[in-house]
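What follows is a predicted structure for the sequence shown.
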Amino acid sequence: MSSTRDERVDNALQQLLERLVPPQQPAETPSHADQRWDEANELARELLDREREPGVADDVNQAADLINRRLVREGDGRPERASRFGGLYSRLLAQPVLGQKWGILYFLWRVSEGQVVDGHEIDARASVDGVVRVGRGDTEQEDEDGDEHNGEEEEEAVFDEAFARNGLPRVPKVEGSGTPRQPPMREKPTPGRPRPPQQSARAKEAQPEHNGAVGKMEPSEAALLRDLPFTLQGLASTNLPFSDKSSLKLPPALPVPLIALLHSLAEPSLLYRSLSEFVESSDGGLVGQSLRSAVGQELRSYLGLVATLEGQIRRALAQLDDSLPHAGLGKAGVTLKRCVIWTREATLGLRLMSMVVESTKGKKGSELISLIYNLATSHGDAFVYTFAERLLASITRPFYNMLRAWIYDGELEDPYREFFVSENTDYEDSGATSVWENKYLLKDAMIPSIVTPDFAQRVYLIGKSLNFIRYGCHDSSWVESYSKEASRELKYGDTANLGQSIDEAYKTVMARLIWLMETKFALAKHLAALKKYLLLGQGDFIALLMESLASNLDRPANSQYRHTLTAQLEHAIRNSNAQFDSPDVLRRLDARMLELSHGEIGWDVFTLEYRVDSPLDVIVTPWASKQYLKIFNFLWRVKRVEFALATTWRRVQTGARGVLGAVNDKLGADWKNARLGLAGMVHLVDQLQYYILFEVIEASWSGLQKAIQNPASGTVTLDTLISAHTAYLRSITRKGLLGGAGGVDFTAQLHELLKLMLNYRDAVDGLYSFSVAEFTKRQEMSARIETRTRAGRWGLTEADEDDDDAVSAGNAKSKGAGRPRRGEGLNESVIPPLLPLGGGGADGERNVLEQLRQRLRSLEVDFKARVNVLLGDLAYQPDVDMRFLGVVMNFNNVYSPARKRRPKVDSHKPPAA
């Protein structure tokens, strides 16, 4: 191992001396030149073998400490330079290749200190072993005696020229001739001085036995230079043929240095061949073709360099002289080494293009742009950055052409699907909603790195809005005029103008679209109509419609007819303030029936419909129409219960002054409890209806108006209107007890409560029928007694009492089954009793009354229990309005809220039946 290292040191020293020691001068004898060479070789070996200064310790930390203190002293106490040196020192210690770290630091410290050794200032090329280079003025001391011979002066001049400032350091003369010189560590023969070509030839002739293995270099460097322009263009030549597409065959007899140079020159040749093949291909989209064009442009620049190099080579070959060393190529100024240096930058460019081409396989459009842009921004080399920016300026032209057509015409000119906006192939035209939401898609993966996601979103909205104005709003004339006025060229690098163009286009297009929605298509008017008619905001119209339809909707659902419902709707419109609405609004309002089910009545299937045409259906989407239908059906049911309870309450209050007052001695307590129950239900329905209509719908409507007029983004867009309308409906369904807020199904609870209220109303109507029957019986008995008394007979007999029992039972049945024929308020009851009046006589009458009382009590208890659960669930809702609804429903604490325990969703046990 040590012998190999010594050989490497000897070879390196020999090459260094060949470069630094001047060759034989014209006036110098060969023996004198050999002596000078031997002295220089001996001096170099002495410098390598000399021991270090004994006064300097080999301590890397001490050297670093000296430099650190000097940096702090020169920096006026500021630690910036010292801290920077600390980082560099840590990196130096981490380098395993450098063995003399102490020598490097000590050398730098002594140079910075400017120390003087033996009266001479230290030169920057002094060694750390203490051998100091001195100036020529110091070494060329004048001879005090002045009696040297001319031969010695010439020898001294030649010796000084050999050890000039750019050559080897000259060793000071040793005082005293008797001072012994330490033997060198390596006892090897000194290599001979390199000979000029003429002397080498004579030496070969003199010693043929040593030169049998050395011949003339074939091919010569001149021949290689002659073939080099063809090789750099990827063309085969006599001396440098291409074995295949990716390899170049080099001559085998060339020395290693020339082989290394040819290796460096072979790289651009092979890269040019592969890139030329890439340029000639036709795969890929528009951006890929632009990349090929940009690479072709760079290759043409490379060929220009090759042409210039070929001209230099031809001029150099024309000046060759066979009598000079290497035929005078060095003096001609063109060598293989210089060709390597001249093509170094071009080779780097070809290497970058080859790397880009390999990386772009399988990528297209915006992905390809992002790849090159990331290369430009993530690389610190200025050459790489400039080269990548030059490529980007070319390959982004198709991208900016697509961008221009999209933001100024609303058209997608992307035949190869390279843009970040794409047309949906599964799109089916089913209205404006499908056009706006499904016709075009924004592909996040295709957004190039040269734009931000927010920028891409704005571009997507601009083009989609223009396309919607053209095809959805049928305003293509404005789009064409806008394109002619605002269109401008877009290009890479013009960031300020590009951002300004996008901002102007965004504001202009959005303002036009919103203007069309508000004026031409009357969006605000139709939203207000939906609120009035489907959300029961038009109170007089809804009340009149319910009164006119009550008799029809009490019948079974299969007996309802569309023309009857439409006629009643027209009647309600003509007799309410709805008649003053726009004809366009009224023609969209229609009555229809839902799907029929067995056992349903008209109340269950009736609904109102408001038809919304394109392009307004982009805002009132099919989902929004379902939400409106859901809200209307719920409010219509609440309104029906309110109407039924109000009708029964009115009948009871009217009968209290007539029929019911006559039977107060027998049914007074029952009617007191019934009125209390009715009052509680009416209060609950009124509070629920007020909460939904005012606290929920009106508040949500105000939020919708505010979101439309003053959006958070600052610019009203169609997406702003869609999102605001969607939030408006979601707020109504969530706060209007139509959604499962907090895991509680308020809709099912309210439906059960409303159904229970209707059953209670039916039970009260049964009690009213019983009261009418009792009143009729008493009236008939009074008339009979009066008639018999006038005739002079007894008013009542035992037979009459038996007959009266049978008649009373029959009358109770007849009064409950149909309309009573006589008596005050009899014509008002049309509801049959819920319980059959079985049995005869007084026992049957008592059974019927007891069943009615039991029915009313059970319904009232069930009602309170369900209300307690509802109030308990409302009390734990996060929304303050929903909690306040529970407070107003139980303002006098008549109910005891209790939260019902519900089984967990992830429980393995089945819920209780």
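Here it is on my side, so go on.

and the closest residue to residue 374 other than its chain neighbours, what does it touch?
Nearest residue to residue 374, sequence neighbours excluded (CB to CB, 6 or more residues apart in numbering): residue 449, at 5.9 Å. For the C-beta atoms, the positions are set from N, CA and C on the backbone; glycine is no exception. Counting by CB atoms under 8 Å, 6 or more residues apart in numbering, residue 449 touches 369, 370, 373, 374, 377.

can you do 6 Å?
370, 373, 374 (CB atoms under 6 Å, 6 or more residues apart in numbering).

Can you tell me what sits against stretch 71-86?
Residues contacting stretch 71-86 (CB under 6 Å, 6+ apart): residue 68.

If you count neighbours, what's buried in it?
71, 82, 85 (16 or more other CB atoms under 10 Å).

and those residues as CSV, adding pLDDT, secondary structure and distance to residue 737?
Converted to CSV, these look like this (pLDDT from 0 to 100; DSSP: H, G, I helix; E, B strand; the rest coil; distance: CB to CB, whole Å):
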residue, pLDDT, secondary structure, distance to residue 737
71, 81, helix, 77
82, 79, helix, 73
85, 82, helix, 74
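
Can you convert those into a markdown table and add a column each for distance to residue 455?
A markdown table is the format used below for the buried residues of stretch 71-86 (distance: CB to CB, whole Å):
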| residue | distance to residue 455 |
| --- | --- |
| 71 | 48 |
| 82 | 46 |
| 85 | 45 |
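
quick one: which of these is nearest residue 260?
residue 85 (37.2 Å; CB to CB).

Give me the phi and psi for the residue of the chain most remote from its centre.
Most distant from the centre of the chain: residue 792, at 104.8 Å, with distances by CA atoms, centre = their mean. With angles defined as degrees, to the nearest 10, residue 792 sits at phi 80, psi 20.

got a list of what it touches?
Applying CB under 6 Å, 6+ apart, no residues qualify as near residue 792.

Likewise for residue 463?
406, 407, 410.

Show me where the stretch 651-800 of the chain has its helices.
Assigned by DSSP state H, counting those that start in this stretch, the stretch 651-800 of the chain shows helices spanning 659-662, 664-690, 699-709, 718-735, 746-790, 798-817.

of all those helices, which lies closest to residue 472?
Comparing those by their distance to residue 472 (CB to CB), the top pick is helix 718-735, with 9.8 Å.

hey, C-alpha coordinates of the closest one in PDB?
Provided in PDB are the C-alpha atoms of helix 718-735 (Å, rounded to 0.1, in the frame of the first residue of the first chain):
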ATOM      1  CA  LEU A 718     -73.200  32.800  -9.400                       C
ATOM      2  CA  ASP A 719     -71.600  30.400  -7.000                       C
ATOM      3  CA  THR A 720     -72.200  33.100  -4.300                       C
ATOM      4  CA  LEU A 721     -75.900  33.000  -5.100                       C
ATOM      5  CA  ILE A 722     -76.100  29.200  -5.200                       C
ATOM      6  CA  SER A 723     -74.200  28.800  -1.900                       C
ATOM      7  CA  ALA A 724     -76.300  31.600  -0.200                       C
ATOM      8  CA  HIS A 725     -79.600  30.000  -1.300                       C
ATOM      9  CA  THR A 726     -78.400  26.600  -0.200                       C
ATOM     10  CA  ALA A 727     -77.400  27.900   3.200                       C
ATOM     11  CA  TYR A 728     -80.800  29.600   3.400                       C
ATOM     12  CA  LEU A 729     -82.700  26.300   2.900                       C
ATOM     13  CA  ARG A 730     -80.400  24.400   5.200                       C
ATOM     14  CA  SER A 731     -80.900  26.900   7.900                       C
ATOM     15  CA  ILE A 732     -84.700  26.600   7.600                       C
ATOM     16  CA  THR A 733     -84.700  22.800   7.600                       C
ATOM     17  CA  ARG A 734     -82.200  22.700  10.500                       C
ATOM     18  CA  LYS A 735     -83.700  25.300  12.700                       C
END
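
List the contacts of it.
Under CB under 6 Å, 6+ apart, the answer for helix 718-735 is 513, 619, 624, 627, 631, 696-697, 700, 704, 707-708, 711, 739, 741, 879.

ChimeraX command to pick out the buried ones of those residues?
For the buried members of the contacts of helix 718-735, the matching ChimeraX selection, counting by 16+ other CB under 10 Å, is:
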select :513,619,624,627,631,696,697,700,704,707,708,711,739,741
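
Now the two most distant members of the contacts of helix 718-735.
513 and 741 (35.2 Å).

which strands and helices sit next to the host helix or strand of residue 231?
Counting by DSSP states H and E, the element that carries residue 231 is helix 221-232. Judged by 3 or more CB pairs under 6 Å, 6 or more residues apart in numbering; DSSP states H and E, the packing partners of helix 221-232 are helix 286-318.

tell me the angle of the helix it packs on relative to helix 221-232?
If you take axes from the mean of the first three to the mean of the last three CA atoms, to 10 degrees, helix 286-318 sits at 160 degrees to helix 221-232.

Could you shift the numbering so residue one becomes 623, and keep it that way?
New numbering, starting at 623: the last item is helix 908-940.

I'd like the mean pLDDT over helix 908-940, please.
Across helix 908-940, the average pLDDT comes to 91.

wait, isn't residue 1024 in contact with residue 1041?
Yes. Residue 1024 lies in contact with residue 1041 (CB atoms under 6 Å); the separation is 4.7 Å.

Residue 1109 and residue 1128: what is the separation?
15 Å (CB to CB, to the nearest Å).

Looking at the two, which is more packed in?
For residue 1109 and residue 1128, the more surrounded residue by other CB atoms under 10 Å is residue 1128, and the numbers stand at 18 against 15.

Can you list the buried residues in the helix or strand hosting the more buried one?
Taking DSSP H and E as the criterion, residue 1128 maps to helix 1117-1137. For helix 1117-1137, a neighbour-count test (16+ other CB under 10 Å) marks 1120, 1123, 1124, 1127, 1128, 1130, 1131, 1132, 1134, 1135, 1136 as buried.

what's the average pLDDT for the helix or strand just after it?
Using DSSP H and E, the helix or strand that follows helix 1117-1137 in sequence is helix 1145-1155. Taken as a whole, helix 1145-1155 has a mean pLDDT of 94.

From residue 1496, how far off is the closest residue to residue 1139 other than its chain neighbours?
Counting by CB to CB, 6+ apart, residue 1139 lies nearest to residue 1145, which is 4.5 Å off, once chain neighbours are set aside. For residue 1145, the distance to residue 1496 (CB to CB) stands at 35 Å.

How about residue 1327?
Counting by CB to CB - residue 1327 and residue 1496 are separated by 28 Å.

how deep is the residue nearest to residue 1293 when sequence neighbours are not counted tucked in, by neighbour count?
Spatial nearest neighbour of residue 1293, chain neighbours left out: residue 1282 (5.9 Å); criterion: CB to CB, 6+ apart. Residues near residue 1282, counting by other CB under 10 Å, number 25.

again with the one 5 residues further on
Other residues lying near residue 1287 total 7 when counted by other CB under 10 Å.

residue contacts, residue 1234?
residue 1242.

Spell out the secondary structure type for it.
coil (DSSP: H, G, I helix; E, B strand; the rest coil).

got the residue ranges for the strands in the stretch 773-922 of the chain?
Along the stretch 773-922 of the chain, counting by DSSP state E, counting those that start in this stretch, strands occupy 864-866, 869-870.

If you could redo that for the stretch 1023-1172 of the chain, that was the one I meant.
Using DSSP E, counting those that start in this stretch, strands in the stretch 1023-1172 of the chain cover 1043-1045, 1062-1064.

Out of those, which is closest to residue 1385?
When these are compared (using CB to CB), the closest one is strand 1062-1064, at 59.5 Å.

Summarise which helices and strands the closest one is packed against.
Using 3+ CB pairs under 6 Å, 6+ apart: strand 1062-1064 touches strand 1043-1045.

Quick check: end-to-end length of stretch 640-660?
For stretch 640-660, the first-to-last residue distance is 12 Å (CA to CA, to the nearest Å).

Would you mark the buried spots in it?
643, 644, 646, 654, 655, 658, 659.
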